[in-house]
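1. Sequence plus predicted model, see below.
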Amino acid sequence: MNIDANYVAYAFLNTAFIILISPLFMGVAKIVKAQAQGRIGPPLLQPYYNLLKLAQKERVYSNKSSAITKITPYINITIMIVASLGIPLAFAPENSGGLGNIILLLYLLAMGRFFMAAAGLDAGSTFGGMGSSREMSISSIIEPITIIVFAALAFTLNTMDMHQMFQTAAQEMSFLNPALILVSIPLFIVLIVETARVPVDNPETHLELTMIHETMLLEYAGRDLALMELSHAIKQTMLMAILINILVPWGYAREFTAPAVIIGMLLFLAKGIILATFIGLTESSMAKMRLFALPNLFIIAFFLSMLTILLEVFR
Amino acid sequence: MENAINEILHATRGRILESDIVTGKNRELYVHLEEKDFETVINFLSEHNFELAGLFCAEDFDGHEGHMLFYAFEKKGNEWITIFTLPLRMKRAMSIALTYPSASWYQREITDGFGVTFAESFDERRLFLHETYPEDFHPLQKTFKNKEIKLDAETNPSLAYEFKKVSGEGVYEIPVGPVHAGIIEPGHFRFSVIGETIYNLEIRMFYKHRGIEKLAEGKTPAECVKIAESISGDETVANAVAYCTAVEKISGIEVPLRAEHLRTAYLEMERIYSLLGDLAGMCIDVAFPVGASPFFVLREEVLRQNKALTGSRFMKDTIAIGGLKKDAPKGTLDALQAFLDDLRDGLKDAVSDVLASTSTIDRFQTTGVVRKELIAPLHITGPIARASGTLTDTRIDHPYGLYDKIRPAPRIFEAGDVLARFETKASEVLDCARMIDEAVTGLRHGEILTKGDIKDGYAIAPIESARGQSMHWAYIKNGLIDRYKIRTASFCNWQAIEHAVIGNIVPDFPLINKSMNLSYAGTDL
């Protein structure tokens, strides 16, 4: 793996950009949901204020918890930042340095999930354990499906590397490719599942007994919680980026120059806000599914990705 | 009355003589019972489908020294409530919990309050006195004066509360509460689950016990109206009207017609805002806040109407013994009638939007079924019973106030699941709106308060609160309240949840709980 000056510049820019904009998308989805309910909703920048507030608060640990609870927030944010290097939001350097490999991405996400679940169990509280167990049951179903979805992507774009996928998509103007439109539906389902949104989970609820993702965070406070929430926001932006840059890659920087990069970033921001709005509307349009009915949703993702692969094979 | 007496004489097969029966002041019969006949009579009553509606104790009642137990029964189709009185020689009685399961909580309540023990009861744990209270502490005894007590610094391990243990491979317990994540009242829920499926749920309440019944002792009847209003915030009018009805019946005070009309309107307004809150809550709990918001908006508008009518959003300080404290200000009643039309339209739209959402229906249907067979043994009342195929409504069974003229027309749903409760509650809002309309239309100018002297005596007053049937029994001695017993609908209905959740999954519990929306404060007293 050769690391050149371009790649270092990319790494800094991409990381800074994803950290900066991720909370914004969270805020957009929140406002859309509030508006759908006839409420005004929080200010657009509220997620940033929340993170700042949490960063200044003290951390409280259960006296039953071990080092796992303490290190998980740092591990999680590191995993997300490393993974984000494989997903160029608005421009890709010539060489991905191997970080764009989708197998790597899947395993990084799985590792983050492992630590989250371990931290949920760590304090010995009932809810943490319950959340971890639910998260693990769900991931054992959704992970193989995620692999199929990414396999379909790799099949269609003839590469395992996310950087190259985005470049190919940008060159081919792939929104004309029906296979990619088809695979964007399972990608969206994976996005909903991974970011713990309705109909899979409910990010707004206070009902511990119904939670999946949030229960694992119940024992966190202060800076730790800020890091966990930021990691979650970054994960969401990464998955959104895959969908955006493959389905609607207009304006994706084809060369690594300042004007192209800036235009790429601004367009990504705009597309991200539209997608976050769509996520908010989807969440508002339905109730959460019964826990045991979730495989029904996952099977749609599975079916459509398999269909994509079949289409590509017999094309 | 003749029928009611004959029914008892027939059911008890000669154990009770006509001379044992005394007519009370509010369509109630007091039947004197002897300990030797007790068990036989209870069994006869059970065979004849008499339903236990309340069980309470009083000390030094009406010239009788010592403790007396009151078993209040109702029977379908009979407006009269029959109260069997059992004087106790020692502080001991037989348990009837095997015949009438709903008696278990009552008996534990009496044991805590008076130190009366029940032989052969299957559950002798404390109820409202948690383990921090000292042993031999029975606050409702007359010898105990209402003052601060010294709690044990360390709880006695022998008093520790033991939950039912479910054992077997893979069974684990989930303790939830009494402190919850949302802004709700305290209650402890102990689930025994395998995976996500609930095998047993035990509810422990009374974290909010305020000693309301003791507080009322020695107060003047007028002072006690405030206490009745504070039993449960969203049942202010229902409890105040029930209490005032009992005192009015004891004293022979006639409530003026205008006040009766307004009381009916306020009672139904209270029911409407409570039900609207439930409808919204059910949608929120399946993560469908878009469906919930119209209900929230309507509820807020109802509360504003309340404020305009009575000066209080929850209609506090409105009901008085003999009528009302104040008349509705000019113009507010016309505004109310205009609002009712908007309410009906708004509600119909909101309900059809929710029922058009397949994902919501999927969550509601088959969730938390309350079986019809449980309704009578546990004395489950209100919308929960009406959603489980049972027509029970105190406004119909024991009409009070104007309900013999302005009659409710509840719809009955059979399924007993969350969806049935949603539909029951939605249809009841419309029915309430109609009744308010009738009550306001029939309003004539006139007095709103009859001033009368308070007399000594006792009476029971049943009422249909938004959650079901509540019973208030007051005993006035020397012009002061000597015993005030309150049995709210929630007290009985909580046990419906324990049965309804079995076989459901843990994440569905909050929805089942919300679909019943019972009062913690109203149970804990």
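-> Yes, it's here.

2. what are the ranges of the helices in the stretch 201-315 of chain A?
-> Counting by DSSP state H, counting those that start in this stretch, the stretch 201-315 of chain A has helices at residues A:213-217, A:222-247, A:258-285, A:294-313.

3. And the stretch 51-200 of chain B, by the same measure?
-> B:103-114.

4. In contact with residue 47, which residues?
-> Chain wasn't specified; assuming chain A. When contacts are counted by C-beta atoms under 8 Å, 6 or more residues apart in numbering or on different chains, residue A:47 touches A:23-24, A:26-27, A:30, A:229, A:233. (Each C-beta comes from the backbone N, C-alpha and C, glycine too.)

5. Switch to chain B, please.
-> Under the criterion of C-beta under 8 Å, 6+ apart, the neighbours of residue B:47 are residue B:11.

6. circling back: let me have the helices of the stretch 201-315 of chain A in TSV, extended by mean pLDDT.
-> Written out in TSV, the entries for the helices of the stretch 201-315 of chain A read as follows (pLDDT from 0 to 100):
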stretch	mean pLDDT
helix A:213-217	87
helix A:222-247	93
helix A:258-285	92
helix A:294-313	90
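
7. With respect to residue B:137, which of the ones you listed lies nearest?
-> Evaluated over the helices of the stretch 201-315 of chain A, closeness to residue B:137 peaks at helix A:213-217, with 39.1 Å, by C-beta to C-beta.

8. Tell me how far the closest one lies from the chain's centre.
-> Between the mean C-alpha location of helix A:213-217 and the chain-wide mean there is a distance of 16 Å, by C-alpha atoms, centre = their mean, to the nearest Å.

9. Could you give me the buried positions within it?
-> By 16 or more other C-beta atoms under 10 Å in any protein chain shown, the buried positions in helix A:213-217 come out as A:213-217.

10. Closest one of these to residue A:35?
-> Scanning those for proximity to residue A:35, where the rule is C-beta to C-beta, the winner is residue A:214, at 22.8 Å.

11. wouldn't the closest one be in contact with residue A:203 here?
-> Yes - using C-beta atoms under 8 Å, residue A:214 makes contact with residue A:203 at a distance of 7.0 Å.

12. which residues do those two both contact?
-> Each of residue A:196 lies in contact with both residue A:214 and residue A:203 under the rule C-beta under 8 Å, 6+ apart.

13. Helix or strand next in line after the helix or strand harbouring residue B:438, which one?
-> Take DSSP states H and E as the rule and residue B:438 turns out to sit in helix B:418-441. Sequence order places strand B:457-465 as the next helix or strand after helix B:418-441, per DSSP H and E.

14. Could you list every helix and strand in contact with the next helix or strand after that following strand?
-> Per DSSP H and E, the first helix or strand lying C-terminal to strand B:457-465 is strand B:468-477. For strand B:468-477, the helices and strands in contact under the criterion 3 or more C-beta pairs under 8 Å, 6 or more residues apart in numbering or on different chains; DSSP states H and E are strand B:51-59, strand B:67-74, helix B:221-229, helix B:236-251, helix B:383-386, strand B:457-465, strand B:480-487, helix B:489-500.

15. Dump the last one to CSV, keeping only the CA atoms.
-> This means helix B:489-500. Included here for helix B:489-500 are C-alpha records, laid out as CSV according to Å, rounded to 0.1, in the frame of the first residue of the first chain:
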residue,chain,number,x,y,z
ALA,B,489,-61.0,1.2,38.8
SER,B,490,-57.2,1.0,38.5
PHE,B,491,-57.0,-1.0,41.7
CYS,B,492,-58.8,-3.9,40.1
ASN,B,493,-57.7,-3.4,36.5
TRP,B,494,-54.0,-3.6,37.2
GLN,B,495,-54.4,-7.3,37.5
ALA,B,496,-55.7,-7.5,34.0
ILE,B,497,-52.3,-6.5,32.8
GLU,B,498,-50.6,-9.4,34.6
HIS,B,499,-52.8,-11.7,32.6
ALA,B,500,-52.9,-9.9,29.3
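
16. list the contacts for residue A:40?
-> Contacts for residue A:40 were tallied using C-beta under 8 Å, 6+ apart; they are residue A:34.

17. Now do the same for it: helix, strand or coil?
-> Residue A:40 falls in the coil class when you classify it by DSSP: H, G, I helix; E, B strand; the rest coil.
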